[in-house]
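# Show me how the following folds:
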Amino acid sequence: MVERVTIDHVGHRGDGVSLTTGDAIYVPYTLGGESVEVDHVAGHHPDRRKLLAVDIASPERIEPFCPHFGVCGGCAIQHWAAEPYQAWKRNIVVETLGQAGMTCEVAPLVDAHGAGRRRVTLHGRFGTHDVLKVGFSATNSHDVIPIDRCPILDPALDGALDAAWAIAEPLTSKMPVTKPLDIQVTATINGLDIDVRGSGPLPTPLVTALSRVAEQHGLARLTRHGELVLQRLPPTVRMGRAEVTLPPGSFLQATVAGEETLASLVAERVGKAKEVLDLFCGVGPFALRLAEKARVTAYDSDAGAIAALTKAARTPGLKPIRCEPRDLFRRPLVPPELRDFDAVIFDPPRQGAQAQALKLAASKVPVVIAVSCNVATFARDARLLIDGGYKIENVVPVDQFRHTPHVELVAKFSR
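Now for the predicted structure:
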């Protein structure tokens, strides 16, 4: 049933919000003030609609730059002019913190898209009529939208799509139609690093075929669920003075500019601290840079990441970095373990770090720096620190995932 509604504003997830019917309904790819025609989305929540036509467009609407926009589920916003888009994204942080009862300075949004994304997960699946599709998931669907280019990728990922198609073809032919293949591609100094997931055990002929693909496409490394298929060169990335050899499928900030921006903001807030603790350190994007001036202790639950950081920490010119694997969700550092540090950084996954924040709140560490990719869990953890006596000094929102509702931030707390 076709409806005509007016969009009131853009919500925190990037959908236009209409209040025409009294209850909020959500319409992707729309902007505040627009009059649009919509229809129900079969099989989805009753408050969801799909956009059929824009009758009266917002003056802030622009032409999307990607031909796949609106079908591919990767980007939510390409249709909004830069200035109002940036104001909206900063306001996500302002409103979320306000709802949590926190009033603090929120800086202007920092654009950290840079050259584009250096890591991407593609999906491969045979569809109807045994036609192979390799690309991204469709909007609100597990269907795969085949693509041959993506304009938001770093040029260093040139060749990623061709390699993904070549890898998917021999693997998906042996897989159930309902099961997608995940192909995680990371751009490194020595070429593309690809980890394949979802294929199940590989017989020797398939391993041989994949090895041939890796050679033909000049991959630095090809792994399956972290197990080595072929390595031509070590997949390394630069972090400050150090080069880090990435563990298979390891976490890495999505853009080079994003990592450098977050690291710079952290370093500014660490200041002249001599003893620094880096929690949820990963492969060391903060620790390796901070070790140019301070002694660093680093913890993470990922043993592979800790091993990579330990090796990179031997780079000449760095102060000592003590690296240890530790599950900070189950075994957060407690106040006696925190007392000798001048500054603590914590950069948890999206679920935040509630257990660790409670221990930090009970400590006497003079400076705590939070890095977050989820404003809601940050607000929860920040409230614990504030209730423990810390003062939040400022919050800087960072836009590493341009064209999406995801926003990151760096915040400083002090006693």
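# so what's Gln99 up against?
Remark: with contacts taken as Cβ atoms under 8 Å, 6 or more residues apart in numbering, Gln99 is in contact with Ala379. No exception for glycine: its C-beta is placed from N, CA and C like everyone else's.
# at 10 Å what do you get?
Each residue near Gln99 by Cβ atoms under 10 Å, 6 or more residues apart in numbering is listed here: Val375, Ala376, Ala379.
# can you check Arg125 too?
The neighbourhood of Arg125, defined by Cβ under 10 Å, 6+ apart, consists of 131-135, 137, 142-144, 146, 168, 172, 175-181, 198.
# if you set the cut-off to 6 Å instead, what comes out?
Neighbour list for Arg125: Lys133, Val144, Pro180 [criterion: Cβ atoms under 6 Å, 6 or more residues apart in numbering].
# where does this protein dip in pLDDT?
Within the chain, the ranges that satisfy pLDDT under 70 run 127-129, 173-178.
# Find the residue closest to the residue minimising distance to the centre of it in space, skipping its chain neighbours.
The C-alpha lying nearest the average C-alpha coordinate of the chain belongs to Ala254 (Cα atoms, centre = their mean; 5.7 Å). Using Cβ to Cβ, 6 or more residues apart in numbering and skipping the chain neighbours, the partner closest in space to Ala254 is Arg117 (5.0 Å).
# burial of the one you found, as a residue count?
Other residues within reach of Arg117, judged by other Cβ atoms under 10 Å, total 25.
# so who does it touch?
Residues counted as contacts of Arg117 (Cβ under 6 Å, 6+ apart) are Ile152, Leu153, Asp154, Ala254, Thr255.
# Take these and write them to a markdown table, including secondary structure.
Supplementary listing: the contacts of Arg117 in a markdown table, determined by DSSP: H, G, I helix; E, B strand; the rest coil:
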| residue | secondary structure |
| --- | --- |
| Ile152 | coil |
| Leu153 | strand |
| Asp154 | coil |
| Ala254 | coil |
| Thr255 | coil |
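# Format these as JSON lines; extra columns: distance to Arg289.
Supplementary listing: the contacts of Arg117 in JSON lines, determined by distance: Cβ to Cβ, whole Å:
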{"residue": "Ile152", "distance to Arg289": "26"}
{"residue": "Leu153", "distance to Arg289": "25"}
{"residue": "Asp154", "distance to Arg289": "20"}
{"residue": "Ala254", "distance to Arg289": "18"}
{"residue": "Thr255", "distance to Arg289": "16"}
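# For ChimeraX, what selects the buried ones among those residues?
Here the buried members of the contacts of Arg117 are turned into a ChimeraX selection, burial being counted by 16 or more other Cβ atoms under 10 Å:
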select :152,153,154,254,255
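# Pro316: which of the contacts of Arg117 is nearest?
For the contacts of Arg117, the residue nearest Pro316 by Cβ to Cβ is Thr255; the value is 28.0 Å.
# in terms of contact, does the closest one touch Gln400 like I think?
Yes: counting by Cβ atoms under 6 Å, Thr255 touches Gln400, with 5.4 Å between them.
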